Each structure stands twice: as C-alpha cells, then as structure tokens.
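Student: only geometry, no sequence info:
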C-alpha cells in the first residue's frame, strides 16, 4: 500500500473524485469496487497474517459491496469466512448487488450477527455517507463488534464515524485498522476519528493521480518535510542577534510556572534571546529555575515600554490571569504592531473585546475557542474544521485549534491537520510549551503560519519521543530537553 497522501477530503468531495474516475476517465464503477475489496484483502493478509476465521459484517450500499468482494477473496484464499447481512442481498442495488451475488456463488450469508470463533472482524456496515445517528439493528451490531474482543478492520471508515467531522454518531465501530479509498476522509483524523480508526491505510484504487487536481481538498495533513525545510542548518558565523528576541508576558501570582515553561520552550526552539515580563516577585525567582531567561519586573503596563522596544515577537497569556494587571498588559501589547502569539487568559480577554490582526497566532483549546466564538465547547468539537475557519474569519491572522488532530489555518493556504502527539499531553503546561515554541520559531524568521504549523508538529513530536517512557505521568517540562533534538535537522 502507498504512504498516506496529504490531501484530506469531505465525503462529498470523494464522491466527486469517484464520479470523475467513472464518468470522465471511463473506469467502470464495478471495477473500483472490486479494487477496493482487493486492497482491503491485501491489508488483511499482510497485517493479520495469522487470522483464519473471518467474520464480515455487511450493511447496504457500496460499503457492503466492498465487504462482499473481500469475503469472496478470503474464501478463495482458504480462510474460514462467515458473512452477516444486516441488509439482505436481494435488497441491494447496482454494483453492491452484483458483488453480493458473486459472493453467494461461493457461500451463504447469516441474518443475525454471531461472532463466536472469529479472530478478525471486517466492518462493512456503514460507509462515508452516514449523516445521522446510528440506531436499531446497526447500533446493536456495532455494540456486538466492539465487545467481541478481536481486531476489527474497517472498510473506508469505521461504521458510525462521520466522515467530515470525525464525530461519533451515537455509536461507532472501534477499529484496529481502517482501509480507506480514493481520498482520505477528514473525519479519520479529527475529533473522535483517531480513537475509532486505528491505523489508517490508503488505496487510490489505481485511479489517475491527476483526478485529484480537479477537486480542491481544502485540508491537508502536516508533512515532516514541510516542517523541516524551514529548519535548515545554521551558518557557522551565526550569533544570538540573528535569531530574534521573544518577550513572554504572563505569570501572575501562583502561575509563574506557565511563564517559565513558555520562555524555556522559546529558548529550546532556538530563539536568540528570551525575556519574561512578570510580577516583581517572580522576576527575582525565574533565573533560579532557568538562568538563560532574562526577566522584567512589571507593576504597571508602562513598565513594558523598554522590553517591548527590544522584542521581535511577543507571547502573551501563559499564567497571565484576568486581573486588572493582566487587562492592562494585554491592552498595552495590542497597541504595538509586534507579531504576537496569544494563548490562555489572553484569549479569554480577547473574547471580551474582539479585535482583528494579521500578524498574530491564536492558540485556543476547544473551551477557549468556544468563548471566542460565543458557543459551547461541544459546538466546537462537533465540527472542528468549521470552528477553525470561523476563528480565522473573525480574528484574522493564524488560528490554531488545539486537541487531537490540532488544526492550523492562515489566510494563504488550506487547513493543516497535525497527527503528532498523544494522550500523555493531557496535562497542565503543555499549551504554554506550544506557545513558547511558536514564538521562538517566529523570532527566528518564520512567517506566523509556517511557525504555527512547525510548532504544533514539533510539539507533538517531542511528546511522542517522551511517550517512549509511557504516556501517563508525562509532564510539560519533560518536553523541554527533547525540543532541542526535534528542531535540529538530522
């Protein structure tokens, strides 16, 4: 199987790719279905070579047709195959009906789902066209599949997962692996998608590569090469003045750790100089934790004048709070034209008085995004792609919607979806580290959009390296020494 392409499509866009292949390139639709079943069977035999007893669960439509093709090939290969049809073959139409009838020449189908004795389940229940809640016999089948205790291979998309948003439609098959066809579906990688899809395999079904040029995907996976091209080896005559000065503003009483994490991450990402502007008491203490960080004691907003004059990038929000002190500092920063990275409580302050700016990066998690857009976190998670587009439209600049499959969007390109990172990052301080990384990369000359993409990718990559010692118990500070290795080309 080829590596995953970068383009991410909606279900409607994939249907259009199908149409082009069939109507304009003359590939019979039945041929595409046969190729889909064969591609999935190839994954089955390579990934599950020990599987001997196969249970294929078919619904209606083309997804069922793919399942019948796979079942026929598996039976021909000598596997013990049982097929359960939640929609009787006689009710199928078109290519799905033809593939079902071809399977019936080799074996029968069951009307009720029994998975006893199966060592692998193939999910061919519901395809990428699902747009309503799963209920009735399909919901019961999903429950049985998930409780079977054996690996599940999903065809095109796990049944019950929305192909556009990645939201579980009431219930969904939890697959160990998914083979998807023609174009990658956005939902496989967003919201609930990573939890239900397992390892994703892709087959273009031997369609001409140029058909994808006719459909603008609008979203792409972040690729390592895209990130590393901006992290070239430094010239031997480099000096600190060449790599910018990050000013981190935050660390109200009780929250100095957030400012330390952000400042340290900016330095580890390669910023030439880093200053943390914070409460007077904290300014005295921070050098004890990280002597490389300069500090500025800030009592009033006017105390920022000098350090703002020296800064090339400002990161505001880590541990900032929402006191009068915080409000005045945020207002002062907004009077400058310096590039900004805005996070945490600075986002909550922005939610109270919307502004637009073309040279900032906003990094909300779903709760903060909800406050910025005047909705609930549930609304954000229901369609993360729509949410990041709304953030970009309302505030300009670059929007980073954090979470599993973080999304990045600027004014010039598609939505980028990041696949690095892991559940070990579900802890305090991780967002502060990301803020510092993005600011540090901007200070070195990256455009805000490129810095956001690189920062999100490298942040998750560093966490993946740390996860080698286990996800549970990972601390934000654990990423700091690893950042140095991931920002340097090999």
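Tutor: Received, thanks. Predicted model only: the values in this text are computed from it and were never measured.
Student: Residue 476: what's it in contact with?
Tutor: By Cβ atoms under 8 Å, 6 or more residues apart in numbering, the residues touching residue 476 are 261, 427-430, 432-433. (C-beta placed from N, C-alpha, C; glycine too.)
Student: swap that for residue 16, please
Tutor: Residues near residue 16 by Cβ under 8 Å, 6+ apart: 214-215.
Student: at 6 Å instead, please
Tutor: By Cβ atoms under 6 Å, 6 or more residues apart in numbering, the contact list for residue 16 reads residue 215.
Student: Tell me how far it lies from residue 214.
Tutor: Using Cβ to Cβ, to the nearest Å, we find residue 16 at a distance of 8 Å from residue 214.
Student: List the contacts of stretch 82-93.
Tutor: By Cβ under 6 Å, 6+ apart, stretch 82-93 touches 55-60, 71, 100, 109-110, 113, 137.
Student: Also stretch 350-358?
Tutor: The contact list for stretch 350-358 (Cβ under 6 Å, 6+ apart) reads 371-372, 395-397.
Student: 7 Å instead, please
Tutor: 334, 342, 371-372, 394-397 (Cβ atoms under 7 Å, 6 or more residues apart in numbering).
Student: do the same with stretch 229-237
Tutor: For stretch 229-237, contacts defined as Cβ under 7 Å, 6+ apart pick out 446, 450, 454, 487, 489.
Student: what sits against the second one?
Tutor: For residue 450, the contacting residues are residue 230, by Cβ under 7 Å, 6+ apart.
Student: Could you report the neighbour count for the nearest residue to residue 405 once chain neighbours are set aside?
Tutor: Spatial nearest neighbour of residue 405, excluding adjacent residues (Cβ to Cβ, 6 or more residues apart in numbering): residue 190 at 4.5 Å. Using other Cβ atoms under 10 Å, residue 190 is surrounded by 28 other residues.
Student: In a helix, residue 190, correct?
Tutor: No - under DSSP: H, G, I helix; E, B strand; the rest coil, residue 190 sits outside any helix and is assigned coil.
Student: next one: phi and psi at it?
Tutor: Main-chain torsions, residue 190, degrees, to the nearest 10: phi -120, psi 150.
Student: related to what we said a few turns ago, buried ones among the contacts of stretch 350-358?
Tutor: Among the contacts of stretch 350-358, those classed as buried by neighbour count (16 or more other Cβ atoms under 10 Å) are 334, 342, 371-372, 395-397.
Student: Inside helices: which ones of those?
Tutor: Using DSSP state H, the subset of the buried ones among the contacts of stretch 350-358 located in helices is 334, 371-372, 395.
Student: now, the most widely separated pair of the residues you listed?
Tutor: 334 and 371 (17.7 Å; Cβ to Cβ).
Student: And the residue sitting furthest away from the middle of the chain, how close does it get to residue 69?
Tutor: In the chain, residue 105 marks the outermost C-alpha relative to the chain mean, sitting 43.1 Å out by Cα atoms, centre = their mean. Distance, residue 105 to residue 69, using Cβ to Cβ: 13 Å.
Student: rewinding a little: out of the contacts of stretch 229-237, name the two that are farthest from one another.
Tutor: Farthest pair in the contacts of stretch 229-237 (Cβ to Cβ) is 450 and 489. Separation: 15.5 Å.
Student: can you pull the pLDDT of residue 295?
Tutor: pLDDT for residue 295: 98.
Student: likewise residue 2?
Tutor: In this model, residue 2 carries a pLDDT of 53.
Student: what do you get for residue 428?
Tutor: You'll see residue 428 listed with a pLDDT of 96.
Student: which phi and psi does it have?
Tutor: phi -60, psi 140.
Student: And for it, the neighbour number?
Tutor: 11.
Student: Spit out the contact partners of it.
Tutor: Counting by Cβ under 7 Å, 6+ apart, residue 428 touches residue 476.
Student: That one and residue 319, how far apart?
Tutor: Taking Cβ to Cβ as the measure, residue 428 falls 11 Å from residue 319.
Student: again, but for residue 281
Tutor: Relative to residue 319, and taking Cβ to Cβ, residue 281 is found at 13 Å.
Student: More neighbours: which of the two?
Tutor: Legend: neighbour count by other Cβ under 10 Å for residue 281 and residue 319, higher for residue 319 (28 against 11).
Student: For the more buried one, give me phi and psi.
Tutor: Per-residue torsions, residue 319: phi 70, psi 20 (degrees, to the nearest 10).
Student: How about residue 160?
Tutor: When read as degrees, to the nearest 10, the backbone of residue 160 gives phi 100, psi -10.
Student: My read is that it contacts residue 167, right?
Tutor: No - Residue 160 lies out of contact with residue 167 (Cβ atoms under 7 Å); the separation is 9.7 Å.
Student: Who has more neighbours out of the two?
Tutor: Ranked by neighbour count (other Cβ under 10 Å), residue 160 and residue 167 place residue 160 first, with 27 against 19.
Student: how about low-confidence regions in the stretch 1-150 of the chain?
Tutor: Within the stretch 1-150 of the chain, the segments meeting pLDDT under 70 span 1-2.
Student: now residue 202: how far from residue 181?
Tutor: From residue 202 to residue 181 the distance is 8 Å (Cβ to Cβ).
Student: what does residue 169 give?
Tutor: 20 Å.
Student: Give me the more crowded residue out of those two.
Tutor: A direct count of neighbours by other Cβ under 10 Å for residue 169 and residue 181 places residue 181 higher, at 29 against 19.
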